[in-house]
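Engineer: Build me a structure from this.
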Amino acid sequence: MTGQQISSAIRISKKFHGKVPIVWGGVHPTICPESVLNESYVDYIIRGDGEKAFYDFLGFLELKKNGNISKEFSWDNYKVYYFENLNDSVINFVDEPIAEQYFIKRDGFEKAFPLETSRGCPHNCAFCHNSATGHTYRMVETKLVVRNICQLYENYSIDGIVFQEDNFFLNLDRVKHILSKLRDCNIGWKANSRLSYFKKLVTDKEMMKLIIDSHCHVLQFGIESGSERILKLINKKIILEDVVKINKCLAEYDIAVRYNFIVGFPTESKEEIEETLSLIKKLAADNLNMEVPFVNIYTPYPGTPIYKLAQKEGFLPPADLEGWAQMTWNYPNHTLHKDEKLRSFLSDISNDYLMRSTYPR
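Structural biologist: Below is the predicted model:
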């Protein structure tokens, strides 16, 4: 992702450059290609989805090695790849054994495994990288997800699945089928959802019973702000009154609730940040199962709808990858947040919640 995760990639790239081709992929090369290709220690990038693109790229390297290609890729080659059929990315865990280090201990699980069963998001939040890539929402076929869960349970005795995707609850028929299998196998799970979906779900007793019976450990939602103006600015399309009601309904169930918030949006005032802090306190008072939330500081992503506003407010993109690596969720950017007192306020808030969080780091 754009920000401090880049630091490790820089270190690895510099160490191995000249020994093997260095290829970058992921969010940052997709939305900021020039910032990566301008570095001497990066040879190539892949933008967008990498599965098929990287396979094709290996074929290019083979042709080049054998002297069948005389020139490098041009800028025209760096299109944003779109991997339409997620079924083709599904691994058969009978044929491909999993090394122990790929199992994770988190969210109350002793031995969980992360699965991606969908990709993308149909919504258009103005700060999110999904709005920059323009990719549509795609899903792995339900029967393949169920097959994977059965294989993981039978061969590795897992106790949890962490659904590693932006929006697990988009297709309810599919969700019901998957949760039924988790219930039958006695495997717990954690997933992310858009909070507005639960406006109806919390009143659906049958669905909530299935969520409980299938041993849901954590539900995670992005609320982002306690300010109605900021929610409109970022095109979040949720209503704070609904947030409060849904949170109270979720309090009736023995499920940990994890909320994400963002502060430091362009034009956001100190008073609007205080509104977010007040909302966090109210949600925590109404729901004892609410975890200490993430309160991250806005990162300007090129290509997103709100990016031009960030530039108008003074944001200057870093000149190189080392500069982008200094961008962090917990410390404000001095070009966007010029007021020293506001920067200190943002930093104190974000780091206070980070230090109190029980989420593994």
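Engineer: Val36 sits in which helix or strand?
Structural biologist: Under DSSP states H and E, the secondary-structure element containing Val36 is helix 33-37.
Engineer: Extract the CA atoms of that helix and return them as PDB.
Structural biologist: The C-alpha coordinates for helix 33-37 follow below in PDB (Å, rounded to 0.1, in the frame of the first residue of the first chain):
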ATOM      1  CA  PRO A  33       3.500   4.300 -11.600                       C
ATOM      2  CA  GLU A  34       6.000   7.000 -12.400                       C
ATOM      3  CA  SER A  35       7.100   7.300  -8.800                       C
ATOM      4  CA  VAL A  36       8.200   3.600  -8.900                       C
ATOM      5  CA  LEU A  37       9.700   3.400 -12.400                       C
END
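Engineer: That one packs against which elements?
Structural biologist: Judged by 3 or more CB pairs under 8 Å, 6 or more residues apart in numbering; DSSP states H and E, helix 33-37 is in contact with helix 27-31, strand 44-48, helix 321-325. Heads up, the C-betas are built off the backbone N, CA and C, glycines and all.
Engineer: out of these, deepest packed?
Structural biologist: Mean neighbour counts were compared across these using mean count of other CB atoms under 10 Å; the top stretch is helix 27-31, at a mean of 23.
Engineer: Let me know which of the helices and strands packed on helix 33-37 is the nearest to Ile158.
Structural biologist: Using CB to CB as the criterion, the shortest distance between Ile158 and the helices and strands packed on helix 33-37 is 28.1 Å, found for helix 27-31.
Engineer: So what's the gap between the helix holding Val36 and the chain middle?
Structural biologist: Relative to the chain's own centre, helix 33-37 is displaced by 22 Å; criterion: CA atoms, centre = their mean, to the nearest Å.
Engineer: re earlier: want to try a markdown table for the helices and strands packed on helix 33-37, with distance to Tyr156 and mean pLDDT as columns?
Structural biologist: Shown next, in a markdown table, are the helices and strands packed on helix 33-37 (distance: least, CB to CB, whole Å; pLDDT from 0 to 100):
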| stretch | distance to Tyr156 | mean pLDDT |
| --- | --- | --- |
| helix 27-31 | 30 | 90 |
| strand 44-48 | 30 | 92 |
| helix 321-325 | 35 | 92 |
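Engineer: Would you mind giving the ones you listed as TSV with distance to Tyr298 added?
Structural biologist: Compiled in TSV, these are given as follows (distance: least, CB to CB, whole Å):
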stretch	distance to Tyr298
helix 27-31	15
strand 44-48	23
helix 321-325	15
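Engineer: picking that back up, pull the residues that contact the helix holding Val36.
Structural biologist: Applying CB atoms under 8 Å, 6 or more residues apart in numbering, the contact partners of helix 33-37 are 24, 28-29, 42, 45, 47, 78, 317-318, 320-321, 324.
Engineer: and with 10 Å instead?
Structural biologist: The contact list for helix 33-37 (CB atoms under 10 Å, 6 or more residues apart in numbering) reads 2, 6, 9, 13, 22, 24-26, 28-30, 42-45, 47, 73, 75, 78, 80, 302, 317-321, 323-324.
Engineer: Same question for stretch 49-56.
Structural biologist: Applying CB under 10 Å, 6+ apart, the contact partners of stretch 49-56 are 23, 25-26, 29-30, 46-47, 57, 79-86, 88-89, 119-120, 133, 135, 138.
Engineer: repeat that with 6 Å
Structural biologist: Counting by CB atoms under 6 Å, 6 or more residues apart in numbering, the neighbours of stretch 49-56 from elsewhere in the structure are 25, 46, 81, 83, 89.
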